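>>> Sequence plus the predicted model coming up.
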Amino acid sequence: MQITLKDIAKKTGVSVTAVSKVLNNRYIRIGKNKRDEIEKSAKELGYTPNIIALGLFSKATKSVGIILPEINTLFYPEISYYIEIQLAKNGYQTIICSSEDNANYEKKHIENLLARQVDALIVIPEKTNKNYEVFKSICSKHIPIVFVDRYFGQDLPSYVVTDNYLSVRNGVSKILNGKIANIFYVGGKNRTYVLDERINGLKDEAKENGFQLGNENIYFTDFGRENIYNTCLTIFKRGISNSLIFLESNRIVMGLLDAAYQFNFSIPDDIQIIGFDVFNPNLVTAQDFKVLKKITKPFPVIKQPIKKIADTAATYILEQLSCKNKETIHTKLLAEVIMGENNSFVL
């Protein structure tokens, strides 16, 4: 049975209003003994406050909605994990939803979260930005909101992202040398604004170092190990010894290794690679262990500052909620380039 304020009022012989003000630490002229009795009775009866009711009264529910495009990778759950820790330290609950990178699902989650009266939204938007007018409307209502990881070049809403363009340039500049004969880019068919920034960064860094990255050197594929394998087979058939392959995400690595195994290529002896984010091998079969041995030395990684992105976004939301900051922010953070000898991945 749900214990209510009325039950506590009945037990302590005071009004429901008095109980409410005491338990919510609001001013009321009441003696210390009676205040202590009310608090003790609430504890003994097992009273828990009705968050929705409190929200209706105070216009704040101490909750923040987080919308992710997916939860079956390590990257997005890790961001939400650090955001949740930061918000929890400040007394906020989080409600996490997955849009499945679908505009309709994303819009439905937004509507449901606002109906629950969350105090703010932290969103990794779906790839098409079809809900931009929805987000613009949220900003016009002064509901705190910030994009994380993805943005679309517009002023609204605020965003905290990796500086993909400069991070790619920094990473590639460290490994381009006289031994590199050609450069290739492998990424997903589903494009976003930030992913295209990675291509532009690679193109400009390649050009500055005397390479031309034409369309014939850019390969888009559906994510999925077999699709990646077939794409990399096509690249390897071109005879690409001493080439650099830039991987949009290290989710691509296992498919690339499958193709390297077919051609008996080793990394980085025959082909050099550099990719975004930590490589987590998907080892399911005995064959997986065989293809993994095609990596003879750890390869460079462009590691996004996940915790810093999360902490910056959470801090911004907290400042918005406490009225310490009402400005729009556009924050780009540089990724860390971890060279092969410093890469924690060891075969």
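Noted; the coordinates are in hand.
>>> Assumed V160 was part of a helix.
No: read with DSSP: H, G, I helix; E, B strand; the rest coil, V160 is strand and lies in no helix.
>>> In this structure it contacts T312, no?
Yes: assessed by CB atoms under 8 Å, V160 is found in contact with T312 at 4.8 Å. Every residue, glycine included, has its C-beta placed from N, CA and C.
>>> helices and strands of the protein: which one bottoms out on pLDDT?
Ranked by mean pLDDT, DSSP states H and E, the helix or strand of the chain with the weakest confidence is helix 51-58, at a mean of 54.
>>> Give the other helices and strands that the following helix or strand past that one contacts.
Using DSSP states H and E, the helix or strand that directly follows helix 51-58 along the chain is strand 63-68. Where contact means 3 or more CB pairs under 8 Å, 6 or more residues apart in numbering; DSSP states H and E, strand 63-68 is packed against helix 75-89, strand 93-98, helix 103-115, strand 120-123.
>>> among those, which is nearest G224?
Among the helices and strands packed on strand 63-68, helix 75-89 comes nearest to G224, with 17.3 Å by CB to CB.
>>> Looking at the helices and strands packed on strand 63-68, which is nearest to R191?
helix 103-115 (14.9 Å).
>>> In the protein, what residue spans correspond to strands?
Along the chain, counting by DSSP state E, strands occupy 63-68, 93-98, 120-123, 145-148, 158-162, 182-188, 218-221, 243-247, 271-276, 301-303, 330-333, 336-338.
>>> could these go into CSV alongside mean pLDDT?
Shown next, in CSV, are the strands of the chain (pLDDT from 0 to 100):
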stretch, mean pLDDT
strand 63-68, 96
strand 93-98, 95
strand 120-123, 97
strand 145-148, 97
strand 158-162, 97
strand 182-188, 94
strand 218-221, 96
strand 243-247, 94
strand 271-276, 93
strand 301-303, 95
strand 330-333, 96
strand 336-338, 94
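>>> and L233, which of those strands is closest to it?
Among the strands of the chain, strand 218-221 sits nearest to L233 (CB to CB), with 10.9 Å.
>>> partners of the closest one, with directions?
Looking at strand 218-221 with DSSP bridges, its partner strands are strand 182-188 (parallel).
>>> Show me how far the partner strand is from its chain's centre.
Mean-position distance between strand 182-188 and its chain equals 23 Å (CA atoms, centre = their mean, to the nearest Å).
>>> repeat for stretch 223-236
26 Å.
>>> go on, stretch 128-136?
Put simply, stretch 128-136 sits 18 Å off its chain's centre (CA atoms, centre = their mean).
>>> Could you do stretch 197-213 as well?
With CA atoms, centre = their mean, you get 26 Å for stretch 197-213.
>>> which residues are in contact with it?
The contact list for stretch 197-213 (CB atoms under 8 Å, 6 or more residues apart in numbering) reads 164-169, 172-173, 176, 180, 182-183, 185, 187, 218, 246, 248, 276.
>>> buried stuff in it?
Neighbour-count burial for stretch 197-213 flags E197, R198, I199, G201, L202, K203, E205, A206, F211, L213 (criterion: 16 or more other CB atoms under 10 Å).
>>> and the two most separated of the residues you listed?
Top of the distance list for the buried residues of stretch 197-213 (CB to CB): E197 and F211, 18.6 Å.
>>> Identify each buried residue in stretch 220-227, please.
Going by 16+ other CB under 10 Å, stretch 220-227 has these buried residues: T221, F223, R225.
>>> Quick check: which ranges of the protein have low pLDDT?
Low-confidence segments of the chain, defined by pLDDT under 70: 1, 50-59, 178, 340-347.
>>> same thing but at 50, please
344-347 (pLDDT under 50).
>>> hmm, back to that, which ChimeraX command selects the buried ones in the contacts of stretch 197-213?
Remark: buried members of the contacts of stretch 197-213, expressed as a ChimeraX selection using 16+ other CB under 10 Å:
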select :164,165,166,167,168,169,172,176,180,182,183,185,187,218,246,248,276
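>>> quick one: R150 from E39, how far?
46 Å (CB to CB, to the nearest Å).
>>> And the two? Which one has more around it.
R150 (19 against 16; other CB atoms under 10 Å).
>>> That one touches V194, doesn't it?
Yes: under the criterion of CB under 8 Å, R150 makes contact with V194 at 5.5 Å.
>>> shared neighbours of the two, anything?
What both R150 and V194 touch, as defined by CB under 8 Å, 6+ apart, is the set V161.
>>> How many neighbouring residues does K308 have?
By other CB under 10 Å, the burial measure for K308, its neighbour count, is 16.
>>> Return the residues in contact with it.
K308 neighbours (CB under 8 Å, 6+ apart): L333.
>>> quick revisit: possible to save the strands of the chain as JSON lines with distance to K107?
Conversion of the strands of the chain to JSON lines gives the following (distance: least, CB to CB, whole Å):
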{"stretch": "strand 63-68", "distance to K107": "10"}
{"stretch": "strand 93-98", "distance to K107": "11"}
{"stretch": "strand 120-123", "distance to K107": "11"}
{"stretch": "strand 145-148", "distance to K107": "14"}
{"stretch": "strand 158-162", "distance to K107": "19"}
{"stretch": "strand 182-188", "distance to K107": "23"}
{"stretch": "strand 218-221", "distance to K107": "27"}
{"stretch": "strand 243-247", "distance to K107": "32"}
{"stretch": "strand 271-276", "distance to K107": "28"}
{"stretch": "strand 301-303", "distance to K107": "32"}
{"stretch": "strand 330-333", "distance to K107": "24"}
{"stretch": "strand 336-338", "distance to K107": "35"}
